[in-house]
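In: Return a 3D structure for these sequence lines:
(chains A and B)
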Amino acid sequence: MRNGLFTVLALIFLTVAVTEASARSIIKIDGSSTVYPVTEAVAEEFQAETKGKIRVTIGVSGTGGGFKKFCTGETDISNASRPIKPSEVTRCKEGKVEYIELPISYDGLAVVVNPANDWAAHMTTGELKKLWEPAAQGTVKKWSQVRDGWPDKEIHLFAPGVDSGTFDYFTEAIVGKSGASRGDYTASEDDNVLVQGISTDKYALGFFGVAYYEYNKDKLKIVPIDDGNDANGKGPVPASYDNVLRGTYQPLSRPLFIYVSKKSSEKPEVKQFIEFYIENAAFLSKDVGYVSLPEEAYGLISKRFEKGVTGSLFGGKGSQVGVKIDELLKKGL
Amino acid sequence: MANKTNINVLWDKIFKVSGLIVTLLGLVVLAVLLIDIFSEGFSRLSWDFITHYPSRHPERAGILSSLVGTIWVMAITAALAIPIGVMAAIYLEEYAKKSWLTNLIEINIANLAGVPSVIYGLLGLGVFVNFLALERSIIAGGATLALLALPIIIMSTREALRAVPPSIREASLALGASRWQTVSTMVLPAAIPGILTGVILSLSRAIGETAPLIVVGALTYIPFLPESPITGEFPFISLAGLKDPFSVLPIQIFNWVSRPQHGFIVNAAAAIIVLLTITFMMNAVAVWLRHKYQKKIRW
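Out: The predicted structure follows:
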């Protein structure tokens, strides 16, 4: 009796060992929650196209968390809502992970107010800076302090939390230093909470990805932004898919990326997935509420991947403002 | 004198009324939550919703992989936490002599029950994922949640054992039964209703956890299921699925809640209904078992 039990147990463990050895190949992706919807869409279509022979998994641990796993070689692809930072470049070097940086779509950051707000018809980047810079904390408290003639009422600010790439990019673009911001605002990692907050408060102002504005147009009012540079369109420009694509919504348009490990890219299934990704990125990013890159950019991205160009177009320095992806790509090939 | 009695009667009434209000408050909040969730998500519930993988189209998306992931992880958590927790509690309560060491252990278990769950995630990442090289798998996730559930199981089991009258033990020992005989035939059956309550409470807490599992590496998009534990070939059981990557319902819900399209919010509500149903079913089983064992106790 005891012998029989032992045999069964031994057999079970043997099966475990055997099946483990023949595990199927999986493409592992992790990173930014902003890029997630695009990659999810691509993975879904890819899965349908290959009839599930190649498995793709996606985790959401943020751009920074994604790079942590990527730089130890744990994942094949990393979703990133900003270019790689110096500290992450070092980490990847230590982990001996070379990477190919591929921009895949655009996102615009919309500045929005409550529909009942009838005074903020547009804002300049200077006014946004005055409102959001660290020095504003505790001093710039009223609308009238942002522009003369605006109501003498307290202003209520809503924005994404400090861990998000969106926050990083906004502060870089408006204040001039990534992460530099006042701290006395309502923060949430869930943009729907921000939408909710702004839509119920007449004196609110906030910012988030343009997709959240597009799907909640009836509850929010967009504030066109004037960056004072007529090359990007004269006067104030509202965040919209068209303006982001044309490059006139500056400085609050940003590219989104995937980073592919050079070593993984040599695996046929990863190569196939990336080629599929580039081919369908334009259509699928629109489908999930983002803005595609200009058409010619995808040709250049495809070339960049084929050649296996490693390193970052941004010199490994993190977020940069007002870049034109196609021009960068031409230089970087 | 009469005046004082009146005041006491008044206080009695005030407490009664305020107690009732406070009790109703909890129920009203729960009812509002349930009505809100059901009105939003009930229409989305369908067989398709349960048997589909995640998708970018809210109306095509389903919870299959996260639901199966939740069931796997909870099975592992229960299989690890219940025997270990109950045995540890029996030892501490019935065998261990009072000493500074058992005191220290007791204090630590009580403290562990209050540790934020994300800390357990970091522990699981260090011990199971990295040190034991279990990777970011179901078994690592289940083991992490088992750690989370253990202190509550141990404490409630001890509470249940303590509630068994000492006279039962003394009678059993006096009749010549060994300590183990006493525990296994007299004390444990009497304590089972209490133990079950603790077990269900701890598992209900574990099933809703997101933070520790994200740290351990649960995924958001996973379009396939873990290897089935039942196979067509001898020996018909395979544990290979334990090493597979996974997702769980709370992570899927969290992801959907933060998407811009309203369709995903509806999906999240529907997934919450599924999660609530699982929790209620677990509770129902516990109530049934408790009832069954309570009837058996005849002193």
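In: which residues in the chain form helices?
Out: If you meant another chain, say so; for now it's chain A. With DSSP state H as the criterion, chain A has helices at A:2-21, A:36-49, A:62-70, A:86-94, A:125-132, A:143-146, A:165-174, A:191-199, A:210-214, A:241-246, A:262-265, A:268-287, A:295-307, A:325-332.
In: try chain B instead
Out: For chain B, helices defined by DSSP H occupy the ranges B:2-41, B:47-51, B:64-90, B:100-112, B:117-124, B:138-162, B:166-174, B:179-182, B:188-207, B:211-216, B:249-257, B:262-296.
In: can you put the helices of chain A in JSON lines and add mean neighbour count?
Out: C-beta coordinates here come from the backbone N, C-alpha and C atoms, glycine included. Shown next, in JSON lines, are the helices of chain A (neighbours: other C-beta atoms under 10 Å in any protein chain shown):
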{"stretch": "helix A:2-21", "mean neighbour count": "12"}
{"stretch": "helix A:36-49", "mean neighbour count": "22"}
{"stretch": "helix A:62-70", "mean neighbour count": "23"}
{"stretch": "helix A:86-94", "mean neighbour count": "16"}
{"stretch": "helix A:125-132", "mean neighbour count": "19"}
{"stretch": "helix A:143-146", "mean neighbour count": "17"}
{"stretch": "helix A:165-174", "mean neighbour count": "24"}
{"stretch": "helix A:191-199", "mean neighbour count": "21"}
{"stretch": "helix A:210-214", "mean neighbour count": "23"}
{"stretch": "helix A:241-246", "mean neighbour count": "18"}
{"stretch": "helix A:262-265", "mean neighbour count": "17"}
{"stretch": "helix A:268-287", "mean neighbour count": "18"}
{"stretch": "helix A:295-307", "mean neighbour count": "17"}
{"stretch": "helix A:325-332", "mean neighbour count": "16"}
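In: For B:S39, which of the ones you listed is the nearest?
Out: For the helices of chain A, the distance to B:S39 is smallest for helix A:191-199, at 17.5 Å, taking C-beta to C-beta.
In: list the helices and strands the closest one packs on?
Out: Packing partners of helix A:191-199 (3 or more C-beta pairs under 8 Å, 6 or more residues apart in numbering or on different chains; DSSP states H and E): strand A:156-159, strand A:204-209, helix A:210-214.
In: Between the helices of chain B, which one is closest to A:E269.
Out: Distance to A:E269, taken as C-beta to C-beta, is lowest for helix B:64-90 among the helices of chain B, at 19.8 Å.
In: Could you confirm whether the closest one reaches chain A?
Out: No - using C-beta under 8 Å from any C-beta of the partner chain, helix B:64-90 stays clear of chain A, with a minimum separation of 9.6 Å.
In: For whichever residue of the stretch 51-200 of chain B sits closest to chain A, which non-adjacent residue is spatially closest?
Out: Per C-beta to the nearest C-beta, B:R56 is where the stretch 51-200 of chain B lies closest to chain A, at 4.1 Å. Nearest residue to B:R56, sequence neighbours excluded (C-beta to C-beta, 6 or more residues apart in numbering or on different chains): A:A41, at 4.1 Å.
In: A:E88 now?
Out: Closest to A:E88 by C-beta to C-beta, 6+ apart is A:F67, at 4.4 Å.
In: Quick check: which of the helices and strands packed on helix A:191-199 is nearest to B:K4?
Out: B:K4 sits nearest to strand A:156-159 of all the helices and strands packed on helix A:191-199, at 52.3 Å, using C-beta to C-beta.
In: So which bits of the stretch 201-333 of chain A are right by chain B?
Out: Within the stretch 201-333 of chain A, the positions lying close to chain B (C-beta under 8 Å from any C-beta) are A:G209, A:A211, A:Y212, A:E214, A:Y215, A:N216, A:L284, A:D287, A:V288, A:G289.
In: contacting residues for A:E127?
Out: Neighbour list for A:E127: A:V146, A:R147 [criterion: C-beta atoms under 8 Å, 6 or more residues apart in numbering or on different chains].
In: list the contacts for the residue nearest to A:E88?
Out: Contact partners of A:F67, counting by C-beta under 8 Å, 6+ apart, are A:G31, A:S78, A:A80, A:I84, A:K85, A:E88, A:R91, A:C92, A:Y259.
In: so what's B:I90 up against?
Out: Applying C-beta under 8 Å, 6+ apart, the residues contacting B:I90 are B:T157, B:L161, B:V183, B:L188.
In: if we can go back for a sec, now, among the residues of the stretch 201-333 of chain A next to chain B, which is nearest to B:V9?
Out: For these, the minimum distance to B:V9 (C-beta to C-beta) is 55.7 Å, reached by A:N216.
In: The closest residue in space to B:F128 that isn't next to it in sequence: what's it in contact with?
Out: Of all residues not flanking B:F128 in the chain, B:A140 sits nearest, at 4.0 Å (C-beta to C-beta, 6+ apart). Shown in contact with B:A140 (C-beta under 8 Å, 6+ apart): B:G124, B:F128, B:V129, B:L132, B:L134, B:V216, B:G217.
In: For the first one, report the pLDDT, please.
Out: You'll see B:G124 listed with a pLDDT of 91.
In: With the fifth one instead?
Out: The predicted local confidence for B:L134 comes out at a pLDDT of 86.
In: Pop the domain breakdown of chain B in here.
Out: Following automatic domain parsing, chain B resolves into domains at B:1-44, B:46-296.
In: deepest of those, which one?
Out: Counting by mean count of other C-beta atoms under 10 Å in any protein chain shown, domain B:46-296 has the highest mean neighbour count of these, with a mean of 18.
In: dump the residue contacts of the residue nearest the centre of chain A.
Out: The C-alpha lying nearest the average C-alpha coordinate of chain A belongs to A:S81 (C-alpha atoms, centre = their mean; 2.7 Å). A:S81 makes contacts with A:S32, A:T34, A:V35, A:T63, A:D107, A:S164, A:G165, A:T166, A:Y169, A:R254, A:L256, A:F257, as judged by C-beta under 8 Å, 6+ apart.
In: just for the stretch 51-200 of chain A, where's the confidence low?
Out: Residue ranges of the stretch 51-200 of chain A with pLDDT under 70: none are present.
In: can you list the residues of the stretch 151-299 of chain B near chain A?
Out: So the stretch 151-299 of chain B meets chain A at B:214, B:217-224, B:227, B:231, B:234-235, B:237-240, B:242-243, B:245, B:255, B:257-262, B:265 (C-beta under 8 Å from any C-beta).
In: rewinding a little: ok, so of the contacts of A:F67, who is nearest chain B?
Out: Checking the contacts of A:F67 one by one against chain B (C-beta to the nearest C-beta), the nearest turns out to be A:G31, at 10.7 Å.
In: quick revisit: the residues of the stretch 201-333 of chain A next to chain B: which two are farthest apart?
Out: Largest separation among those by C-beta to C-beta: A:N216 and A:L284, giving 21.8 Å.
In: So which residue is smack in the middle of chain B?
Out: B:L203 (1.0 Å).
In: Please report how far it lies from chain A.
Out: 25 Å (C-beta to the nearest C-beta, to the nearest Å).
In: does that residue really touch B:M74, like I thought?
Out: Yes - using C-beta atoms under 8 Å, B:L203 is in contact with B:M74, at 6.5 Å.
In: count of neighbours near the closest residue to A:I27 other than its chain neighbours?
Out: In this structure, A:I27 finds its nearest non-sequential neighbour in A:V56, 4.7 Å apart by C-beta to C-beta, 6+ apart. A:V56: 26 surrounding residues under other C-beta atoms under 10 Å in any protein chain shown.
In: residue contacts, A:V56?
Out: A:I26, A:I27, A:I29, A:A43, A:F46, A:Q47, A:F273, B:Y221, B:P223.
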